[in-house]
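Trainee: Sequence plus predicted model, see below.
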Amino acid sequence: MIHKIIDLFAGAGGLTTGFHMAGFESLCAIDVDAKALATYKHNYPNTKIIHQDIRNVSPSDLRIALGLQREELIGLIGGPPCQGFSRNIPAGYRYLNDSRNQLYRTFLEFVEEFRPLYVVMENVPEILKAFNGVIKEEITKQLESLGYKVISLSLNAAHYGIPQTRSRAFFLASLEHSLHFPEPTHFGDIRSDYRTTKSCNQLNLLEANISPLVTVRDAIGDLPPLNAGQSYDVEVYPSAPQTTYQAMMRHESITIINHVARALTPIQLSRARTLREGQDARDLPSELAPKKHYSGAYGRLYWDKPARTITRWVFHPGSGRFFHPTQDRTITIREAARLHSYPDKFHFLGTYTDMASQIGESVPPLLGKVIASSILQAHS
């Protein structure tokens, strides 16, 4: 039996992809972003796509149109936009009544109408403590009032085999069985201090039967080299996979798509050529150093550590640690997708910046998969 899900605030389909990896099938996806939905539709052509502001979609009309009875849908998943909670917004500009903070209530309206057996709501970790915990308490109490058992927790993607130290908060709710968050499967140093010379896999593993963190080299070391502004047009893989992770990403794919390196300005290229693996703006000579910069700006990734959070600005070297470890360019869309755990068979559409946004604003699929697998385990 194939378990059906509906993805609200679906974006390009990161959470959907994780659930598909676990054996679910998406019945419907809703988002206001037409470009992201074009990518979603390309990868999931059998899913009903609704391009609309979700606040203008009637939950009851949609349920009837999909021919679903209440408590028939296995899962309702999604990540309401989180800008109003994000730590990237200065504290003085965060307001409880900010319209960007209200879309979780729309999500809960769909839960009330469909009464799915399971609910997965994803967001930034700050939502669990935002406004002294008011948001977390409201979401939990609303779900409990509908008869759900609810748990919530922030998970770091690196602890689940994803080569990126991205943290996301999840609310899991069930009408049937008690759910449990999956135990970490990978262990290592995920501190943000990238000045350490020791790789994460050289550290002592403190727990048995847990794998070392997946690194940038594990994820993208097999992809062909490029110069800034160059695209890989041959498409075929030039060599066999070198790691288990690479083999997993290549599953059901025979070509390399979206392996395109963005062109750099002369000063960006000079900065890249000056920096060695792991270095960043702090290591640039005065004539190349930016006057102001973010932490990790113009930084090269380390080969033997996970990447830091892949954001929508992954195409811009001044916005984070997005230079390739050794090649004089930023990472390609395919490399960013690999670091985010999108399989190679997942193809992105749009401009370079469109595709970067689709990756950076999505849930790492493998993190979605471990959540989906925990639901399957409880449901069996």
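Mentor: Everything's here; your move. Numbering: from 1, shown residues only.
Trainee: Ramachandran angles for the residue of the chain positioned farthest from its centre?
Mentor: Largest separation from the mean C-alpha position in the chain: Glu287, at 36.1 Å (C-alpha atoms, centre = their mean). As for Glu287, its main-chain torsions (degrees, to the nearest 10) stand at phi -70, psi -20.
Trainee: And for Ile333?
Mentor: Torsion angles, degrees, to the nearest 10, at Ile333: phi -60, psi -40.
Trainee: got the contact list for it?
Mentor: Listed by C-beta atoms under 8 Å, 6 or more residues apart in numbering, the contact set of Ile333 reads Asn258, His259, Val260, Phe348, Tyr352, Met355, Ala356, Ile359. Using the backbone N, CA and C atoms, a C-beta is placed for each residue, glycine as well.
Trainee: pretty sure the second one is in contact with Ala336, am I right?
Mentor: No. The pair formed by His259 and Ala336 falls short of the contact definition of C-beta atoms under 8 Å, at 10.5 Å.
Trainee: of these two, who's got more company?
Mentor: Ala336 (26 against 23; other C-beta atoms under 10 Å).
Trainee: Could you confirm that one falls within a helix?
Mentor: Yes. Checked against DSSP: H, G, I helix; E, B strand; the rest coil, Ala336 lies within a helix.
Trainee: Check what pLDDT it gets.
Mentor: The predicted structure scores Ala336 at 98 on the pLDDT scale.
Trainee: give the contact list for it.
Mentor: The contact partners of Ala336, taken as C-beta under 8 Å, 6+ apart, are Ile310, Val314, Ala356, Ile359, Gly360.
Trainee: Strands of the stretch 51-200 of the chain, start to end?
Mentor: Here the stretch 51-200 of the chain has its strands, by DSSP state E, counting those that start in this stretch, at 75-78, 118-123, 149-156, 167-174, 186-187.
Trainee: just checking, what packs against the last one?
Mentor: Under the contact criterion of 3 or more C-beta pairs under 8 Å, 6 or more residues apart in numbering; DSSP states H and E, the helices and strands touching strand 186-187 comprise strand 211-212.
Trainee: Which SSE is immediately downstream of the strand it packs on?
Mentor: Note on strand 211-212: by DSSP states H and E, the next helix or strand toward the C-terminus is helix 216-220.
Trainee: For the stretch 201-350 of the chain, which segments count as helices?
Mentor: 216-220, 244-250, 266-274, 333-340 (DSSP state H, counting those that start in this stretch).
Trainee: I'd like to know how many residues surround Val26.
Mentor: If you look again at residue 26, you'll see it is Ser, not Val. 25.
Trainee: In the helix or strand encompassing it, which residues are buried?
Mentor: In this structure, Ser26 sits in strand 24-31 according to DSSP H and E. Under the neighbour-count criterion of 16 or more other C-beta atoms under 10 Å, strand 24-31 has Phe24, Ser26, Leu27, Cys28, Ala29, Ile30, Asp31 buried.
Trainee: Ok, stretch 304-324 next?
Mentor: 304-324.
Trainee: Next: stretch 215-226.
Mentor: Buried-residue list, stretch 215-226, by 16+ other C-beta under 10 Å: Thr215, Val216, Arg217, Asp218, Ala219, Ile220, Gly221, Asp222, Leu223, Leu226.
Trainee: if we can go back for a sec, who touches the helix or strand following the strand holding Ser26?
Mentor: On the C-terminal side of strand 24-31, the nearest following helix or strand under DSSP H and E is helix 34-43. Applying C-beta under 8 Å, 6+ apart, the contact partners of helix 34-43 are 10-13, 16-17, 29, 31, 47, 49, 51, 346-350, 354-355, 357-358, 361.
Trainee: let's see 6 Å
Mentor: Helix 34-43 is contacted by residues 10-13, 29, 31, 49, 51, 346, 348-350, 354, 358 when judged by C-beta atoms under 6 Å, 6 or more residues apart in numbering.
Trainee: want to try TSV for the strands of the stretch 51-200 of the chain, with mean neighbour count and distance to Ser253 as columns?
Mentor: Converted to TSV, the strands of the stretch 51-200 of the chain look like this (neighbours: other C-beta atoms under 10 Å; distance: least, C-beta to C-beta, whole Å):
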stretch	mean neighbour count	distance to Ser253
strand 75-78	26	25
strand 118-123	26	26
strand 149-156	16	27
strand 167-174	22	26
strand 186-187	20	23
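Trainee: Now render those as CSV, adding mean pLDDT.
Mentor: Below are these laid out as CSV (pLDDT from 0 to 100):
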stretch, mean pLDDT
strand 75-78, 98
strand 118-123, 97
strand 149-156, 97
strand 167-174, 97
strand 186-187, 94
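Trainee: Now tabulate the ones you listed in CSV and tack on distance to Ile371.
Mentor: Shown next, in CSV, are the strands of the stretch 51-200 of the chain (distance: least, C-beta to C-beta, whole Å):
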stretch, distance to Ile371
strand 75-78, 8
strand 118-123, 6
strand 149-156, 8
strand 167-174, 6
strand 186-187, 16
